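Novice: next one to model:
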Amino acid sequence: PWWARWRSEKRSPGRNPLYRLFDKLHPWAMTEIFLLGVLVSYTKIVDLATVEIGPSMYAFVGLIVTMIAADTAVDTHDVWERLRPSRTDALPAATEAHNWVGCHTCQLLCHLPASTDHHAAACPRCGSSLHRRKRDSLNRTAALLITAAMLYIPANVYPIMTFISLGSGEPSTIIGGVQELIAYNMWPLALIVFVASILVPMLKLISMTYLLLSVRYRSQWRLRDRTLIYRMNEFVGRWSMVDVFVVTMLAALVQFGSLAKILPGPGIIAFAGVVVLTMIAALTFDSRLIWDAAGANDERN
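Specialist: A predicted model of the protein is given here:
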């Protein structure tokens, strides 16, 4: 991109950490998921009031398309190659073939002195902490998954929102929202919500637990397939936020006093916890441990 090439020969303080921040925030930028939430909310509001789509909606769709096109066009490796290290003393020397470690953020090969605490060393290019494996990865991931599994039950049992009309309330659960879309013959939308809000969280909990157990018992079965499972977990987990966006929009828009209003329920808080915790669990899990446990790597956790 132009901003990475601009004045590439000169130092620009804060440029490298800024791009590192972009990389860290990327999984949490959920504009396309928010758009899906808008569509689901629209189907629920049209029965209560007349809804007109304003120009901002078209601008928002254009924003999403532009962001996706930008992400597709950017070569992250090329950008980091143009963002030179802020110092060169930590770069690997040709005579030091040991204690090399690759930065997890920018993939720069760095030298890690044997006498240095590897949790205190930093990448000379992006400033990220250098470590051969993510610190205490298995315990952190297990704790997050156990907490998410505990929240998954109330997330599906308790109502995520309550529709109050003329003083009488009608609570709705996640599966109830899917059934409502089916009742309106919106099968494609119902399928998307079912997969994103019910199937994906459940499969993510099961698959991440399987990955943890396979590392714990040093399984050598289908290493590549298990790595692919982990990458799929990283990609699809964020799409479960669609129900959270739907409830927040409906609770904000449907406030017609004593005539009708929508209140968020305890189920949506538990469900948001499941989504966020499973996303963090995927980030804390180190997929290289799959290969370490099978003896395919020299480094161990």
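Novice: contact partners of stretch 191-207?
Specialist: Contact with stretch 191-207 is made by 36, 40, 145, 148-149, 152, 155-156, 174-175, 177-178, 181, 229, 232-233, 236-237, 239-240, 242-243, 271, 274-275, 278, 282, as judged by CB atoms under 8 Å, 6 or more residues apart in numbering. The C-beta positions use only the backbone N, C-alpha and C, and glycine is treated the same way.
Novice: just the strands in the stretch 201-301 of the chain please.
Specialist: For the stretch 201-301 of the chain, the strands defined by DSSP state E, counting those that start in this stretch cover 260-264.
Novice: quick check: which ranges of it have low pLDDT?
Specialist: 293-301 (pLDDT under 70).
Novice: rewinding a little: which of the contacts of stretch 191-207 are buried?
Specialist: 36, 40, 145, 148-149, 152, 155-156, 174, 177-178, 181, 229, 233, 236-237, 239-240, 242-243, 271, 274-275, 278, 282 (16 or more other CB atoms under 10 Å).
Novice: gap between the residue lying closest to Pro171 once chain neighbours are set aside and Pro264?
Specialist: Leaving aside its chain neighbours, Pro171 sits nearest to Pro159 (3.4 Å; criterion: CB to CB, 6 or more residues apart in numbering). Separation of Pro159 from Pro264 (CB to CB, to the nearest Å) stands at 9 Å.
Novice: ok, Leu191 next?
Specialist: Distance of Leu191 to Pro264, computed by CB to CB: 24 Å.
Novice: ok, these two, which is more surrounded?
Specialist: Relative neighbour count places Pro264 above the other of Leu191 and Pro264, with 17 against 14, counting by other CB atoms under 10 Å.
Novice: in contact with the more buried one, which residues?
Specialist: 160-161, 247-248, 251 are the contacts of Pro264 under CB under 8 Å, 6+ apart.
Novice: and Gly237, by the same measure?
Specialist: By CB under 8 Å, 6+ apart, the residues touching Gly237 are 200, 204, 275, 278-279, 282.
Novice: filter the contacts of stretch 191-207 down to the ones in helices?
Specialist: When DSSP state H defines the helices, the subset of the contacts of stretch 191-207 inside them is 36, 40, 145, 148-149, 152, 155-156, 174-175, 177-178, 181, 229, 232-233, 236, 242-243, 271, 274-275, 278, 282.
Novice: mind listing the helices for this protein?
Specialist: 2-5, 15-25, 31-45, 55-73, 76-82, 137-157, 174-183, 187-194, 200-216, 223-236, 242-253, 266-284, 288-293.
Novice: got TSV for the ones you listed, with distance to Asn99 too?
Specialist: Formatted as TSV, the helices of the chain follow (distance: least, CB to CB, whole Å):
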stretch	distance to Asn99
helix 2-5	30
helix 15-25	23
helix 31-45	42
helix 55-73	35
helix 76-82	22
helix 137-157	21
helix 174-183	50
helix 187-194	48
helix 200-216	25
helix 223-236	26
helix 242-253	44
helix 266-284	25
helix 288-293	17
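Novice: alright, calling it a day.
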